[in-house]
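In: structure for this input, please:
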Amino acid sequence: MLYTAKKFDIPKLNGLSNESIEDHLWLYNGYVNNFNTMTELLEKELSNPQGNSHIISEIYRRRSFEFGGMRLHEYYFSQIELGATQINDNSALAEAIKSQFGSVETMLSQLKTVGMMRGPGWAILYYDTISQQFLMGFTGEQHQGHFVTLPIIIALDVWEHAYIKDYGVSDKGKYIDAYFQNMNWDIIAKRFEALL
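Out: Modelled structure (predicted):
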């Protein structure tokens with residue numbers, strides 16, 4: 001199955017330039033296109049599975065990387081669609097966060113700490129519906145290091161391409177703060193409530 005890149009309704013953001021967002025969306029489109037190209041190539045190579053086994057295995061490996069980049073960016077961009085909103089303190093999401101972390105601010109501070117780890121990747125807030133708790137993780141390679149099966153609540157891109165245009169190489173923390181200020185908590189709350 002081939003995928004079509006999603007369109008996002010992203011307004012003017014505070015602390016994140018239009019130019020940076022446009023460049024970032026171009027990269028997202030690249031993940032979608034690369035996944036589709038590899039899917040078509042895989043179909044061709046599978047006509048001779050024994051003769052093409054090395055090529056096939058590499059396509060499978062690389063295709064999962066492209067798919068991870070595509071999906072994580074879809075979370076990332078949807079979180080800043082339609083303008084920033086405050087979290088509803090009475091929402092199921094806010095109550096669950098406060099129950100586990102004490103406050104939304106504490107959770108965001110911890111997610112920022114994960115995002116500030118050295119190296120590129122993603123800081124992710126997951127929710128385990130079995131234990132009914134949030135888990136945070138960092139994935140350097142977007143197709144590796146995930147908590148298997150756990151739904152994503154917040155995906156924070158901390159690859160350099162997300163912030164270098166606006167903040168250079170040394171101010172990742174300022175980028176994270178700006179991103180958090182632009183989040184649409186209504187969208188994130190709906191994502192969480194769909195799991196309940």
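In: where does the chain have low pLDDT?
Out: Judged by pLDDT under 70, the chain has no weakly predicted residues.
In: which helix or strand lies directly C-terminal to the helix ranked longest in it?
Out: Counting residues, the longest helix in the chain under DSSP state H turns out to be helix 18-45. Counting by DSSP states H and E, the next helix or strand C-terminal to helix 18-45 is helix 53-78.
In: ok, then the element right after that next one?
Out: Counting by DSSP H and E, the next helix or strand C-terminal to helix 53-78 is helix 92-101.
In: dump that next one to PDB, restricted to CA.
Out: The C-alpha coordinates for helix 92-101 follow below in PDB (Å, rounded to 0.1, in the frame of the first residue of the first chain):
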ATOM      1  CA  ALA A  92      -8.900  13.000  31.300                       C
ATOM      2  CA  LEU A  93      -5.500  13.700  30.000                       C
ATOM      3  CA  ALA A  94      -4.700  16.400  32.500                       C
ATOM      4  CA  GLU A  95      -6.000  14.300  35.400                       C
ATOM      5  CA  ALA A  96      -3.900  11.300  34.300                       C
ATOM      6  CA  ILE A  97      -0.800  13.500  34.000                       C
ATOM      7  CA  LYS A  98      -1.300  15.100  37.300                       C
ATOM      8  CA  SER A  99      -1.900  11.800  39.000                       C
ATOM      9  CA  GLN A 100       1.400  10.400  37.700                       C
ATOM     10  CA  PHE A 101       3.600  13.400  37.500                       C
END
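In: work out the gap between that helix and the centre of the chain.
Out: 21 Å (CA atoms, centre = their mean, to the nearest Å).
In: what's in contact with the helix or strand just after it?
Out: On the C-terminal side of helix 92-101, the closest following helix or strand by DSSP H and E is helix 104-115. If you take CB atoms under 8 Å, 6 or more residues apart in numbering as the criterion, helix 104-115 is touched by 87, 94, 97-98, 100-101, 123, 125, 134, 136-138, 154, 156, 158, 172-173, 176-177, 180. Placement of C-beta: from N, CA and C, glycine included.
In: picking that back up, the longest helix of the chain versus helix 53-78: what angle between them?
Out: 150 degrees (axes from the mean of the first three to the mean of the last three CA atoms, to 10 degrees).
In: how is this structure carved up into domains?
Out: What automatic domain parsing lists as the domains of the chain is 18-78, 92-193.
In: backbone dihedrals for the residue in the chain sticking out farthest from the centre, please?
Out: Centroid-distance maximum for the chain: Gly51 at 36.5 Å, with CA atoms, centre = their mean. Gly51 adopts backbone torsions of phi -70, psi -30, taken as degrees, to the nearest 10.
In: for stretch 4-15, how far is the first residue from the last?
Out: The straight-line separation of the ends of stretch 4-15 (CA to CA, to the nearest Å) is 29 Å.
In: quick one: contacts of it?
Out: So stretch 4-15 is contacted by 18, 21, 25, 28-29, 32-33, 74, 77-78, 80-84, 166, 174-175, 177-179, 181-182 (CB under 8 Å, 6+ apart).
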